[in-house]
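In: Let me see the structure of the following:
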Amino acid sequence: MAFKKKLEEKILDVDAAMQGTLSFKDPVNLRINGKFEGNLKTRGNLTIGATAVINADIEGDNIIVGGKIKGKIIAKERLTLLPHAVVEGHIYPVKLNIAEGAIFQGQCTMLHDFLNAEQLAEYLEVELSSITEWANSGKVPGSKEGNDWKFERIAIDNWIASGKIGK
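Out: Residues are numbered from 1 along each chain as shown. Below is the predicted model of the structure:
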């Protein structure tokens, strides 16, 4: 029996004025409560606290905003604007949740939600070998990037609704 080693939770809480470029390659739980200007690229959870004032382009997985942000936001999983959030700029979320009271001024372009072969097998509750077979034979909508398959969730949902699954 194989045991997965639990990853240590990496938490970084910033309550200061910072300027520049921050980039995190490993997932972290980052909370910013102060001022930040520049560019921020993170993986994991990013929380912009209620007292934060941000003037930056931000890219992350799960972004929760309680303070003020001016700039571009790319949220690869979810963007949540809490009741006191003020966001000005262009946002690119896969999923978006705006609480009553939040202010958003700008443009929103929803990103497509993509799955790899393993995620699609789990999503459809089928064996990975079935996904690979369907993808290689063109029975499931997807595209190959190098050796990996990529499936757009909307296209998969439409494919399921059409009754073509497994045919």
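In: C-alpha only now, for contacts and for neighbours.
Out: Will do.
In: Break this structure down into its structural domains.
Out: For the chain, automatic domain parsing gives the domain ranges 11-108, 114-161.
In: Out of the ones you listed, which gets the lowest mean score?
Out: Within these, confidence is poorest for domain 114-161, with a mean of 88 (mean pLDDT).
In: Quick one: residues in contact with stretch 24-40.
Out: Stretch 24-40 is contacted from outside by 9-23, 41-59, using Cα atoms under 8 Å, 6 or more residues apart in numbering.
In: Let's see the distance spanning that stretch from one end to the other.
Out: One end of stretch 24-40 to the other measures 8 Å (Cα to Cα, to the nearest Å).
In: now stretch 88-104
Out: OK, stretch 88-104 end separation, Cα to Cα: 6 Å.
In: thinking again about what came up before, of the domains of the chain, which stretch is the most buried?
Out: domain 11-108 (a mean of 18; mean count of other Cα atoms under 10 Å).
In: which residues of the chain fall in helices?
Out: Ranges of helices in the chain, per DSSP state H, are 117-124, 128-136, 153-161.
In: Just the angle for the last one relative to helix 117-124, thanks.
Out: Here helix 153-161 runs at an angle of 50 degrees relative to helix 117-124 (axes from the mean of the first three to the mean of the last three Cα atoms, to 10 degrees).
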